[in-house]
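Student: my questions are about this predicted structure, shown below with the sequence.
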Amino acid sequence: MEGCPLTPRQLQVLGLVARGIPLKAIGHHIGLGEHSVKNVMWEVHRRLGTQTQAHAVYKALKEGWIE
């Protein structure tokens, strides 16, 4: 992922968000607490300059960082 500012964990979480999975379920799926998943998403927003999950997903899809 050349030029991608996100870590593999951030991409994993964002990819699951893109599939419509709630943060609590994402945490359970990857072995993190819901608060930790929220922290990952906060960092995603900071790095991408987004404020909503939808915008973060859109930006990552547009750049080809997630499918």
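Tutor: Everything's here; your move. Numbers count the residues shown, from 1 in each chain.
Student: dump the residue contacts of the most centrally placed residue in the chain.
Tutor: Central residue of the chain (C-alpha atoms, centre = their mean): residue 14, 2.2 Å from the mean position. Residue 14 makes contact with 6, 41, 44, 56, 57, 60, 65, 66, according to C-beta atoms under 8 Å, 6 or more residues apart in numbering. Just so you know, the C-beta spots here come from the backbone N, C-alpha and C atoms, and that holds for glycine as well.
Student: in which helix or strand would I find the second one?
Tutor: Element membership of residue 41, judged by DSSP states H and E, is helix 34-48.
Student: got any ranges where this structure has weak pLDDT?
Tutor: By pLDDT under 70, the low-scoring segments of the chain are 1.
Student: before we move on, back to that, name the helices or strands packed onto the helix holding residue 41?
Tutor: Here helix 34-48 touches helix 8-18, helix 23-30, helix 53-63, going by 3 or more C-beta pairs under 8 Å, 6 or more residues apart in numbering; DSSP states H and E.
Student: list the buried residues of it.
Tutor: 36, 37, 38, 40, 41, 43, 44, 48 (16 or more other C-beta atoms under 10 Å).
Student: look up how far residue 61 lies from the last one.
Tutor: Between residue 48 and residue 61 the distance, using C-beta to C-beta, to the nearest Å, works out to 12 Å.
Student: repeat for residue 4
Tutor: 12 Å.
Student: swap in residue 37?
Tutor: According to C-beta to C-beta, residue 37 and residue 61 sit 20 Å apart.
Student: swap in residue 38?
Tutor: Taken as C-beta to C-beta, the span from residue 38 to residue 61 is 21 Å.
Student: cool, and residue 43?
Tutor: 19 Å.
Student: again with residue 29
Tutor: Following C-beta to C-beta, the distance that separates residue 29 from residue 61 is 20 Å.
Student: isn't residue 33 up against residue 39?
Tutor: No - counting by C-beta atoms under 8 Å, no contact exists between residue 33 and residue 39, whose distance comes to 9.4 Å.
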